[in-house]
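Undergrad: Below: sequence and its predicted model.
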Amino acid sequence: MADSGILNGGAPAMAPGTIKSLPMVDISPFLASSSSSEARKQVALAIDRACTDFGFFYLTGHGIPQARLEEVISLAREFFSSPAEEKNKIKRHDAGGPEGGDGARGYQGMGENVTQGKKDMHEAIDLYREWDHAPTQSGSGGEGTRRTLEGPNLWPEEPKELKSVYLEYIDQLQSVGTALVRAMGQALDLPVPGESTSGTGQTEDSEIFVRNTSKSFWVMRLIGYPKLATPINPDADLAELSCGEHTDYGCVTLLLADPTLGALQVLLKDGKTWLNADPIPGAFVVNIGDMIEWWTNGLWQSTKHRVIHRGEGYRVSVPFFFEPNFDAVVKPLGKCVERNGKEPMHQEITYGEHLLSKVFGNFDST
Ligand SMILES: N=C(N)NCCCC[C@H](N)C(=O)O
Ligand SMILES: O=C(O)CCC(=O)C(=O)O
Ligand SMILES: [Fe+2]
């Protein structure tokens, strides 16, 4: 049998010692004000290992009640099950521009999103942080910003509670995101295991990610995935994907997904084995984005992943992308360059420039 290289969920038998699941990180010491510095240090160490070895992990201890998480998924599911006519009322468009049709906020139909030049088999609502200033004054990204990311978010009228529940949920996620990037900053300042020099865990620089996400230009996606057609040769035929192979763009993604198994797959550091990142109730699947890779000079790489939904039912997932500020300047951190001993791998860039270059490539122009 050809080895599809996919672990978990009906995969071929694994050799002893093979990785079967992603690591777990309990973030609660960074959310509670009373926690000890030792408890925080242990969390930071776990994050360093998870980000170095996988770029992906499960996050627990975030304090968001299970009932809220279930509500978020079921409201998204209810929206996707409504008639096309209802969904198209909030079709993505440029609310700030003269003619509609090319904005990134709002609903996108099946196959409208493109990854590596191929249509993805999903539909979605994309929400972004709204600008603090009046639309016409937006200058940050030039004309491109105005046309693509300008205007307010487009919220569905039905289900009625969706908007208020999501706004509250986004607030909660921003607090979790902040705690997480604080822990990540501390992780980078810890002494490297086996080395006795440098690193107190408390330098001002450990707040670098917190400062640069103070006005996080977050993205929330509500995604609906129909079950893909069964391919003739499941090992070779990846012609149609739910979401093609990609890395995320910013800092950290907090993914909430329904219980469907085998859909989200993570590329391990061997560059060829795909590991199923199946949902664990109450935990987020977290992964780091491109800007963390740039800041850390590749110490922590943004890991490739993809979605292939051939399981049962209509899958719903709701990733929250906790990103840098739109104008955040990203360049390799001196201490990371020192630690991995490589030349700075990337030029300085702003997150907004990186985001726009990605978003422009996400929609099929045909
Ligand atoms: N905001 C983020 N990170 N969105 C991730 C979307 C990934 C798929 C997209 N078509 C792509 O090719 O990137
Ligand atoms: O639906 C998922 O499990 C992941 C989606 C994803 O990777 C993305 O939207 O960036
Ligand atoms: Fe992703």
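TA: Structure received. Ligands and ions are numbered 1, 2, ... in the order given.

Undergrad: use CA for all of it now, contacts and neighbours both
TA: Noted.

Undergrad: packing partners for the longest helix that the chain contains?
TA: Determined from DSSP state H, the single longest helix within the chain is helix 162-189. Under the contact criterion of 3 or more Cα pairs under 8 Å, 6 or more residues apart in numbering; DSSP states H and E, helix 162-189 touches helix 28-31, helix 37-53, helix 66-80, helix 208-211, strand 252-257, strand 315-322.

Undergrad: nearest to ligand 1, of the ones you listed?
TA: Of all the helices and strands packed on helix 162-189, it is strand 315-322 that lies closest to ligand 1, at 6.3 Å by Cα to the nearest ligand atom.

Undergrad: In its sheet, which strands sit next to the closest one, and in what direction?
TA: strand 219-225 (antiparallel), strand 252-257 (antiparallel) (DSSP bridges).

Undergrad: so which of those strands is the most packed in?
TA: strand 252-257 (a mean of 24; mean count of other Cα atoms under 10 Å).

Undergrad: near ligand 2, anything from the very next helix or strand once past it?
TA: On the C-terminal side of strand 252-257, the nearest following helix or strand under DSSP states H and E is strand 264-267. Yes. Contact of strand 264-267 with ligand 2 (Cα under 6 Å from any ligand atom) involves Leu264.

Undergrad: picking that back up, relative to Phe363, which of the helices and strands packed on helix 162-189 is closest?
TA: strand 315-322 (18.8 Å; Cα to Cα).

Undergrad: mean confidence score for the longest helix of the chain?
TA: For helix 162-189, mean pLDDT is 97.

Undergrad: For that helix, buried residues please.
TA: 162-163, 166, 169-170, 173-174, 176-189 (16 or more other Cα atoms under 10 Å).

Undergrad: Now do the same contact list for the residue minimising distance to the centre of the chain.
TA: Nearest to the mean C-alpha position of the chain, by Cα atoms, centre = their mean, lies Thr253 at 2.7 Å. By Cα atoms under 8 Å, 6 or more residues apart in numbering, the contact set of Thr253 is Val285, Val286, Asn287, Ile288, Gly289, Pro319, Phe320, Phe321, Phe322.

Undergrad: Which of these sits closest to ligand 2?
TA: Pro319 (6.1 Å).

Undergrad: Can you verify my assumption that that closest one contacts Trp218?
TA: No. Between Pro319 and Trp218 there is no contact under Cα atoms under 8 Å: 10.6 Å.

Undergrad: With neighbour numbers in mind, choose between these two.
TA: Shown here are Pro319 and Trp218; by other Cα atoms under 10 Å, Trp218 has more neighbours (24 against 18).

Undergrad: residues in the stretch 251-366 of the chain within reach of ligand 1, list them.
TA: Residues of the stretch 251-366 of the chain lying near ligand 1 (Cα under 6 Å from any ligand atom): Asn362.
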